Structure formats: structure tokens, C-alpha cells
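K.L.:
okay, sequence plus prediction incoming.
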Amino acid sequence: MPKKKPKIKLESLPPRERQVLDTVYRIGEGGVAEVLAALADPPGYSAVRAMLNILVQKGFLEYRREKTRYLYRPVVPQSEAPQSLLRNLLETFFVGKPTAAVAALLDVAAPDFSDEDYREMEQMIRNAQHAGGQHAGKENR
């Protein structure tokens, strides 16, 4: 059975709900107490429980019952989450321009890159250029 998609976009979540969702991704699955313990600067227990339920209603989380408690886990697999987060990051901080994001990454991380890192990135760029030909109609940026 295919997974349901969230009812709203990840970008539209309020910061606290986003923090709770990020925490559930980090721990994988957990009850209110585990999420509360893993949050930096946590609100109260009831607030976390309410946000978990809101995230279920919005389609980001699902839950299962284990004896007397509910365990929450993300609906979208963690392997698919980075693309959504990166799209949000690009739109929010780099006005949708991937080159601006790459430039910022190079400014911050270039001293830590090895020659192998640069070779891998060059290969990724070549692969993306070749794959780009398959996406006719996509605007060049």
C-alpha cells in the first residue's frame, strides 16, 4: 500500500512543529517522553503530545499503539526527507538558486574538502548534466 503524502508542505510547518518532526526523524520512532527528552529547549509534555497529534493530522507522522502508549514515526521515509528539506533550504535561504547554495557550501567547507571530494563533486556535476538532457523543458538556471 503506498504511503500517504502530507496534507501540507513541510515548509509551512510552524518552527516548533518542525522541531518536533525533525526530532522524530532523528530518533526514528518514539513516544512523547522520548521526543521530549530529545528536544533542545523542550516545551511541556502536553505541548509535545499535542504537536505530535497535529503532525499526525497533517500527515507527517503516523503512530502505533504499544500497550498503553503511542509510538510516533515519520510517514515519509528518511531517505526521501532530505530532498524536501533541501528544496525548502534552497527556497528559504538561496532564493531557489542552487548555485548560491553551492557557493555557500564551498565558502564554509572548502578547507575540509579532499582531492577525492572534489573529484566526486565533479563526477556528480557531469552526471547531473547528462541527466539534465532527459528533463526537456526544464529551465536552465
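P.N.:
It's in.
K.L.:
need the CA coordinates for the helix or strand hosting residue 126. CSV is fine.
P.N.:
Per DSSP states H and E, residue 126 falls inside helix 115-132. What follows is helix 115-132, C-alpha atoms only, in CSV (Å, rounded to 0.1, in the frame of the first residue of the first chain):
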residue,chain,number,x,y,z
ASP,A,115,41.0,16.0,-3.6
GLU,A,116,38.8,13.0,-3.7
ASP,A,117,35.8,15.1,-2.5
TYR,A,118,36.4,17.5,-5.5
ARG,A,119,36.6,14.5,-7.9
GLU,A,120,33.4,13.1,-6.6
MET,A,121,31.6,16.5,-6.9
GLU,A,122,33.0,16.9,-10.5
GLN,A,123,31.5,13.5,-11.3
MET,A,124,28.2,14.4,-9.8
ILE,A,125,28.1,17.6,-11.9
ARG,A,126,28.9,15.6,-15.0
ASN,A,127,26.2,13.0,-14.2
ALA,A,128,23.6,15.8,-13.5
GLN,A,129,24.5,17.5,-16.8
HIS,A,130,23.9,14.2,-18.7
ALA,A,131,20.7,13.6,-16.8
GLY,A,132,19.6,17.2,-17.4
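K.L.:
residues near the nearest residue to residue 61 once chain neighbours are set aside, how many?
P.N.:
The shortest distance from residue 61 to any non-neighbouring residue, by Cβ to Cβ, 6 or more residues apart in numbering, is to residue 55 (4.3 Å). All C-beta spots, glycine's among them, are computed from the backbone N, C-alpha and C. The number of residues packed near residue 55 is 23, by other Cβ atoms under 10 Å.
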